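Undergrad: need a 3D model of the sequence below.
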Amino acid sequence: MQEIIAKTRAVSRTIKLLSSSSTDERHASISFLLELSKSELLLENIGSTAGSILILTTMKFNSSSDPIAAEKAGEVLENLEKCPKNIKYMAESGYLDPLQRHLVEGPEDVQMEMVSYLGELVQKQEMTINIAGSASEILIKMVRSGNTAIRKATLDVLVQISSHHPNAKTLVDAGAVPVMVEELFIRKIDDEPMGSKTEAAAVLANIVESGLDPEAITVNKEGHVITSKYSVYNFAHMLKCSMPDTLNLSIVRVLLALTALPKPLATVVSVMKEQDSGQTVIELMGSLTESLVIAAMRLLIALSPQMGHTIAEKLCKAPGQPGRLVKSIGLHGRIMERHAMSATLLAKLPYQHIALNLALINQGAMVTVLAKIEEMQRGETRASRHAKAYMEGLVGVLVRLTTTLYDPDVLLAAMDHNLTSVLTDLVRSAGSDEVQRLAAIGLENLSSQSPNLSQPPTEERRPKKKNILRRLREAHAGRVHDNRRPPAHSRVCPVHRGVCSPSTTFCLVEAGAVEGLLCVLESSENGRVVEAALGALCTLMDDAVDVTSGVAVLAEHDAPRHVLRALRQHRDDGRRGGGGADAGETVTRRCFWAVERFLAHGSERCVREVTSDRALPSLLVGAFHKGDAATKQVAESVLRCLHRMPDYSATYESVEL
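TA: Modelled structure (predicted):
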């Protein structure tokens with residue numbers, strides 16, 4: 001009878017009726033299917049019928065709507081498990097319990113079959129597999145099997161399972177990490193390919209990236225954890241350009257994940273310095289595997305605050321670098337993660353590393369960066385989720401060059417490309433906070449050079465020997481267009497006491513940067529951005545310039561009101577986290593410094609505007625009582641100007657009574 005039924009369409013029609021809206025039809029069809037499933041001859045026929053497993057599992061788990069059908073569907077599925085292929089069909093439909101049960105409870109040949117099914121599922125589709133503790137223990141035991149095929153299939157499955165982060169704790173509790181560490185560093189089987197090490201490293205990378213506390217992940221019987229120097233040393237030692245890219249990628253991922261916490265970061269930095277592994281990571285950036293290149297750059301970025309100078313030195317000495325990074329930044333088309341990471345790496349390395357800055361100038365970095373910034377401002381670059389990081393990296397590269405203007409080549413490049421005007425436009429743009437902050441820092445660096453570069457008009461100069469600045473100015477005069485060259489009889493800049501322009505002297509007044517910087521004080525809620533804008537504005541009241549004229553120029557733009565508003569707006573940044581405690585203190589200190597200049601060198605109107613601010617006295621007193629040493633000192637200076645503190649520098653005549 002079963003053979004006759006198998007040759008008809010009875011099975012497919014019965015399964016079709018399982019979805020009937022009629023309860024009687026559903027119950028009749030599931031009862032009939034239950035009887036059919038008791039025959040081993042029909043098991044594969046039922047399981048392979050399109051939609052059968054999916055309908056049955058849905059019916060089983062929707063017991064609230066039809067308890068009778070759900071119970072019988074569970075019995076049918078239990079009968080179908082007697083055919084191994086049906087277990088595979090169930091797993092493909094998302095019902096993994098039978099596969100895991102047979103993996104744990106079945107004989108060795110069944111266990112191997114289940115592992116192979118899991119391996120096929122991994123290759124066929126990106127599945128999210130929640131693995132049970134008992135199943136994970138069996139899989140880990142199979143890794144130690146001598147059968148190469150089973151080991152390979154099991155490791156493939158563990159890679160996929162571990163990529164689903166909720167499984168990480170289950171795998172760790174089942175002892176996966178020591179086994180993977182042994183596989184990676186100790187186990188050697190001559191006739192096995194490098195693949196087992198690659199997969200073991202991938203499992204470890206997935207576990208470390210899962211968010212578990214790495215200090216609690218034990219790697220061997222001796223009690224070493226994955227963050228210990230022993231472990232980190234072994235990981236770093238495995239990094240070699242001769243290794244497969246997939247293996248190097250997983251090891252870099254492990255090291256990168258460890259840098260997210262302060263203590264493991266210190267260990268990684270220590271080991272990388274001891275082993276000189278930074279050079280290897282830099283060499284990995286030349287790989288043809290995109291993911292490895294990006295991971296290597298991410299690791300270098302994470303390490304740059306602690307060993308940035310070492311990385312910069314090695315980058316300058318590496319064949320093809322840093323030109324390859326500059327080329328990556330300038331690639332056309334949609335902004336990809338590689339472009340953003342290339343720019344970010346160059347922006348995060350120590351700004352004042354002159355060798356790297358000169359190498360960037362020689363590789364045409366300034367031309368490339370300015371061209372890409374202009375493209376983005378015009379909207380010519382296709383949007384991408386990496387665009388923000390890319391733009392911030394580009395601006396960071398420009399700012400790093402403004403820190404070494406003492407070098408003639410860097411200074412000429414800044415003049416040639418009119419960096420003052422470029423950064424002024426970026427401050428005015430409604431870009432990210434970080435772009436505005438970096439642009440303001442760059443303007444501060446440029447403006448600090450203006451007193452040295454600004455010279456009296458030609459007819460007022462006395463003949464003297466040409467110094468380096470004069471030679472640079474003359475060289476620059478022959479390289480810029482006429483409309484950018486200041487005329488011979490230009491008016492004298494009141495702040496810098498000489499002939500100024502945005503390109504030749506980086507003058508913020510001539511560049512129109514004052515308005516943009518004051519607008520930042522008015523609109524930005526980010527303390528670090530306000531801090532940077534204040535830093536740039538304060539260069540116009542520094543002792544190196546005509547302070548009275550600088551104050552007057554700022555007062556014309558209503559600077560006292562903007563500064564006092566910023567002081568009130570950001571006084572609590574340290575307590576509420578708006579830019580951080582350090583940013584809050586710095587904003588307060590710089591505001592007080594500017595207020596002191598307004599009072600000491602400003603006009604009557606300027607002084608009146610400052611003294612009429614009702615909140616200022618209480619802010620000064622609060623800072624005097626609770627501020628750090630530097631803030632307290634400048635607050636005391638302002639209080640003295642307001643005659644609220646005795647002026648100890650004043651001299652008094654003794655009067656006889």
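
Undergrad: so which helix or strand takes in residue 637?
TA: Per DSSP states H and E, residue 637 falls inside helix 629-641.

Undergrad: residue 599 too?
TA: helix 581-601.

Undergrad: what about residue 21, neighbour count?
TA: 6 (other CB atoms under 10 Å). The way it works is simple: take the backbone N, C-alpha and C, and place the C-beta from them, glycine included.

Undergrad: now residue 358. Nearest residue, chain neighbours left out?
TA: Counting by CB to CB, 6 or more residues apart in numbering, residue 409 is the residue found nearest to residue 358 once chain neighbours are left out, at 6.2 Å.

Undergrad: picking up where we left off before, buried residues in the helix holding residue 599, which are they?
TA: Buried residues in helix 581-601, counted by 16 or more other CB atoms under 10 Å: 583-601.

Undergrad: show the average pLDDT along that helix.
TA: Averaging pLDDT along helix 581-601 yields 87.

Undergrad: which other helices and strands does that helix contact?
TA: helix 527-538, helix 547-556, helix 559-569, helix 573-576, helix 604-611, helix 616-626, helix 629-641 (3 or more CB pairs under 8 Å, 6 or more residues apart in numbering; DSSP states H and E).

Undergrad: and those helices: which comes nearest residue 135?
TA: Evaluated over the helices and strands packed on helix 581-601, closeness to residue 135 peaks at helix 573-576, with 48.6 Å, by CB to CB.

Undergrad: tell me the mean pLDDT for that closest one?
TA: Across helix 573-576, the average pLDDT comes to 50.

Undergrad: and what of stretch 497-509?
TA: So the average pLDDT for stretch 497-509 ends up being 94.

Undergrad: what's the distance between it and the middle of its chain?
TA: 37 Å (CA atoms, centre = their mean, to the nearest Å).

Undergrad: please work out which of the helices and strands packed on helix 581-601 is packed deepest.
TA: Among the helices and strands packed on helix 581-601, helix 527-538 has the highest mean neighbour count (mean count of other CB atoms under 10 Å), at a mean of 27.

Undergrad: tilt between that one and helix 559-569?
TA: Relative orientation of helix 527-538 versus helix 559-569 (axes from the mean of the first three to the mean of the last three CA atoms, to 10 degrees): 160 degrees.

Undergrad: can I get helix 527-538 as PDB, trimmed to CA atoms?
TA: Taking C-alpha atoms only, helix 527-538 is exported to PDB below (Å, rounded to 0.1, in the frame of the first residue of the first chain):
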ATOM      1  CA  GLY A 527      32.500  72.600  23.900                       C
ATOM      2  CA  ARG A 528      35.500  71.200  21.900                       C
ATOM      3  CA  VAL A 529      34.400  73.100  18.800                       C
ATOM      4  CA  VAL A 530      33.900  76.400  20.800                       C
ATOM      5  CA  GLU A 531      37.300  75.800  22.500                       C
ATOM      6  CA  ALA A 532      39.000  75.600  19.100                       C
ATOM      7  CA  ALA A 533      37.200  78.700  17.700                       C
ATOM      8  CA  LEU A 534      38.200  80.700  20.800                       C
ATOM      9  CA  GLY A 535      41.800  79.500  20.300                       C
ATOM     10  CA  ALA A 536      41.800  81.000  16.800                       C
ATOM     11  CA  LEU A 537      40.200  84.300  17.800                       C
ATOM     12  CA  CYS A 538      42.600  84.700  20.700                       C
END
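
Undergrad: what's it packed up against?
TA: Using 3+ CB pairs under 8 Å, 6+ apart, helix 527-538 sits against helix 433-447, helix 513-523, helix 559-569, helix 581-601.

Undergrad: for residue 12, find the nearest of these.
TA: The nearest among those, by CB to CB, is helix 433-447 at 61.9 Å.

Undergrad: contacting residues around that closest one?
TA: 391-392, 395-396, 398-399, 402-403, 405, 414, 419-420, 423-424, 426-427, 429, 506-508, 513, 517, 520, 524, 526, 528-529, 532-533, 535-536, 538-540 (CB atoms under 8 Å, 6 or more residues apart in numbering).

Undergrad: and the nearest residue to residue 594 once chain neighbours are set aside, what does it touch?
TA: Spatial nearest neighbour of residue 594, excluding adjacent residues (CB to CB, 6+ apart): residue 563 at 4.9 Å. With contacts defined as CB under 8 Å, 6+ apart, residue 563 is in contact with 521, 534, 591, 594-595, 598.

Undergrad: in this protein, which ranges drop under the pLDDT threshold?
TA: 1-8, 122-129, 146, 188-195, 430, 458-490, 572-583, 646-657 (pLDDT under 70).

Undergrad: for the longest helix along it, which helices and strands make contact with it?
TA: Secondary structure of the chain per DSSP state H: the longest helix is helix 290-317. Judged by 3+ CB pairs under 8 Å, 6+ apart, helix 290-317 is in contact with helix 245-258, helix 262-275, helix 277-284, helix 337-348, helix 354-362.

Undergrad: at 10 Å instead, please
TA: helix 245-258, helix 262-275, helix 277-284, helix 323-329, helix 337-348, helix 354-362 (3 or more CB pairs under 10 Å, 6 or more residues apart in numbering; DSSP states H and E).

Undergrad: among those, which comes closest to residue 15?
TA: Smallest distance to residue 15 across the helices and strands packed on helix 290-317 (CB to CB): 43.0 Å, for helix 245-258.

Undergrad: what residues of the closest one count as buried?
TA: 245-258.

Undergrad: helix 277-284 and that helix, what's the angle between them?
TA: Using the same axes, to 10 degrees: helix 245-258 against helix 277-284 is 130 degrees.

Undergrad: now helix 245-258, how far from the centre of its chain.
TA: 17 Å.

Undergrad: tell me what angle that helix forms with helix 262-275.
TA: Using the same axes, to 10 degrees, helix 245-258 lies at 130 degrees relative to helix 262-275.

Undergrad: could I have the CA atoms of helix 245-258 written out in CSV?
TA: Extracted C-alpha coordinates of helix 245-258, given in CSV (Å, rounded to 0.1, in the frame of the first residue of the first chain):
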residue,chain,number,x,y,z
ASP,A,245,45.5,36.9,4.2
THR,A,246,42.5,35.3,5.9
LEU,A,247,44.7,34.2,8.8
ASN,A,248,46.4,37.6,9.1
LEU,A,249,43.0,39.2,9.0
SER,A,250,41.6,37.2,11.9
ILE,A,251,44.7,37.9,14.1
VAL,A,252,44.5,41.6,13.3
ARG,A,253,40.8,41.5,14.3
VAL,A,254,41.7,39.9,17.7
LEU,A,255,44.4,42.5,18.4
LEU,A,256,42.0,45.3,17.3
ALA,A,257,39.2,44.1,19.5
LEU,A,258,41.7,44.0,22.5
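
Undergrad: that helix to helix 290-317, inter-axis angle?
TA: Going by the same axes, to 10 degrees, helix 245-258 makes 80 degrees with helix 290-317.

Undergrad: quick one: list the elements packing against helix 245-258.
TA: If you count contacts as 3+ CB pairs under 10 Å, 6+ apart, helix 245-258 packs onto helix 195-208, helix 229-238, helix 262-275, helix 277-284, helix 290-317.

Undergrad: show me what the fourth one is packed against.
TA: Spelled out, it's helix 277-284. helix 229-238, helix 245-258, helix 262-275, helix 290-317.
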